[in-house]
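S.K.: Let's see this in three dimensions:
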Amino acid sequence: MMFNWLSLVTGFFYIILGIVVITYKFFFIVLEPAVAYPLGIVLIIYGVFRIFRAISKLKNTKNEE
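M.R.: Here you go, the predicted model:
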């Protein structure tokens, strides 16, 4: 159960990191816009995926109880 909540929080952090990469074009090194935008988009999509998966697992856990 705790893993699902942690996965939910991690998803939000991935979305925030993706927005930061797109906005500041920085991810440990200064990135070119051609690299920053796709990387930021991938991070945001992965964050949404983690949130969706965590919510579905939380719903399944509640239905089993």
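S.K.: Now do the strands in this protein.
M.R.: 26-27, 29-30 (DSSP state E).
S.K.: Packing partners of the first one?
M.R.: Using 3 or more C-beta pairs under 8 Å, 6 or more residues apart in numbering; DSSP states H and E as the contact definition, the elements that strand 26-27 packs against are helix 33-64. C-betas here are computed from N, CA, C, even on glycine.
S.K.: Any buried residues in the helix it packs on, and which?
M.R.: For helix 33-64, the neighbour count (16 or more other C-beta atoms under 10 Å) marks 36, 39-40, 43-44, 46-47, 50-51, 54 as buried.
S.K.: Return the residues in contact with Ile19.
M.R.: 40, 44 (C-beta atoms under 8 Å, 6 or more residues apart in numbering).
S.K.: Ala36 versus that one, what's the distance?
M.R.: 11 Å (C-beta to C-beta, to the nearest Å).
S.K.: Next: Thr10.
M.R.: Distance from Thr10 to Ala36, by C-beta to C-beta: 21 Å.
S.K.: Not counting the worst-scoring helix or strand of the chain on mean pLDDT itself, show me its contacts.
M.R.: Here the helix or strand of the chain ranked lowest by mean pLDDT, DSSP states H and E is strand 26-27, holding a mean of 82. For strand 26-27, the surrounding residues in contact (C-beta under 8 Å, 6+ apart) are 20-21, 36, 39.
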